[in-house]
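Novice: sequence unknown, structure follows:
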């Protein structure tokens, strides 16, 4: 999602659509949600028990691999409608009981929390929820965690040494980083960090911090994390904050020899050291409940988790069924993020309001 706020997701040259930050307010997005319907691909599942419609805010490559594997295993056809996850969430609200969506698959949990709060998600089967550690799932059992990513610093050693990096996200407000910092403040991935800072330091301090970060990133405020990652790798900016998978994806694309950047973690439990979770839920309005439940169960099963962990360009952490990533990343169990819960991350509405007040949206 982006600072464009109310528009549908654009696609980058690498095909990884940026997840832009938007407020999950129905009134604000109703017009876009209605006009966006015609731009989305796919068709309604109708009453055919051998087909379902998936609304997906996940990366297309990952989604396509998962859908193909599910269709081959079950014979159930999946019609995919891909867009910005907040736009899709608001579209589901606008469509109400007439929504063709059977399953909603997101990059982040706030849109799922939003729909859960509206009473629009069905409870998932206990066996599905049991596949993923409970800390990654909805407390109410309405959605399940599928994969995770962690926020990191990306930096170019030619422009800044590791010893000069901030150890806390709060230090990104230091004037010494002015002109060196790159940021995609409109990305969904930045929203949990803002929420984490908000819970640690309060509203006034967070707004002050955001305004200072904006000043430091002047000239390097980008529309998405793909641009942050590639530009820092080229030396356009010295450092930035992204989720770790962007760096691994770029390395897979251009090769190790072309990588001029590195990644580093904030200090353990720092508010900027945040674990984000991608999840999925079944729509209460779905006419294909059994098939929809089967698809969500598939996402947290071993085959799908192995696709996420090592057989796609995901480079996310599989969080279910005991599967670990095949990429040479810091293992999930060794990460030391801020212990903020997914419930505390909530819908992200407070973070969006602060970003707007700071002029970053």
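Specialist: Arrived safely. Bear in mind that the values here come from a model prediction, so they are computed numbers and not experimental data.

Novice: Excluding chain neighbours, what is closest to residue 280?
Specialist: Nearest non-adjacent residue to residue 280, counting by C-beta to C-beta, 6 or more residues apart in numbering: residue 105, 4.5 Å away. C-beta: built from backbone N, CA, C; applies to glycine.

Novice: neighbours around that neighbour, how many?
Specialist: Residues lying near residue 105 (other C-beta atoms under 10 Å) number 27.

Novice: Kindly report the same for the one 3 residues further on.
Specialist: Other residues within reach of residue 108 by the criterion other C-beta under 10 Å amount to 26.

Novice: Over to the one 4 residues further on?
Specialist: Here the number of neighbours of residue 112 (other C-beta under 10 Å) works out to 29.

Novice: Now it: which helix or strand?
Specialist: Under the criterion of DSSP states H and E, residue 112 resides in helix 110-117.

Novice: so what secondary structure elements neighbour that helix?
Specialist: helix 85-95, strand 103-105, strand 275-282, helix 342-345 (3 or more C-beta pairs under 8 Å, 6 or more residues apart in numbering; DSSP states H and E).

Novice: can the ones you listed go into a markdown table with extra columns for mean pLDDT and distance to residue 185?
Specialist: Converted to a markdown table, the helices and strands packed on helix 110-117 look like this (pLDDT from 0 to 100; distance: least, C-beta to C-beta, whole Å):
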| stretch | mean pLDDT | distance to residue 185 |
| --- | --- | --- |
| helix 85-95 | 93 | 15 |
| strand 103-105 | 98 | 25 |
| strand 275-282 | 96 | 16 |
| helix 342-345 | 93 | 17 |
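
Novice: The ones you listed: which one's closest to residue 221?
Specialist: Of all these, helix 85-95 sits nearest to residue 221, with 19.9 Å by C-beta to C-beta.

Novice: now the stretch 201-350 of the chain, which segments are flagged as low pLDDT?
Specialist: 311-312, 327 (pLDDT under 70).

Novice: Please enumerate the strands of this structure.
Specialist: According to DSSP state E, the chain carries its strands in the segments 51-56, 77-82, 103-105, 143-155, 181-182, 239-243, 262-264, 275-282, 317-318.

Novice: between the ones you listed, which gets nearest to residue 221?
Specialist: strand 181-182 (7.9 Å).

Novice: Residues contacting that closest one, please?
Specialist: Outside strand 181-182, the residues within contact range by C-beta atoms under 8 Å, 6 or more residues apart in numbering are 172, 213, 216-217, 220-222, 228, 231-232, 236-240.

Novice: do stretch 310-329 as well
Specialist: By C-beta under 8 Å, 6+ apart, stretch 310-329 touches 16, 59, 61-62, 65, 131-133, 136, 144-150, 244-245, 248-249, 252, 277-278, 299-302, 305-309, 331-332.

Novice: switch to 6 Å and redo it
Specialist: 61-62, 65, 131-132, 136, 145, 147-149, 245, 248-249, 300-302, 305-306, 308-309, 332 (C-beta atoms under 6 Å, 6 or more residues apart in numbering).
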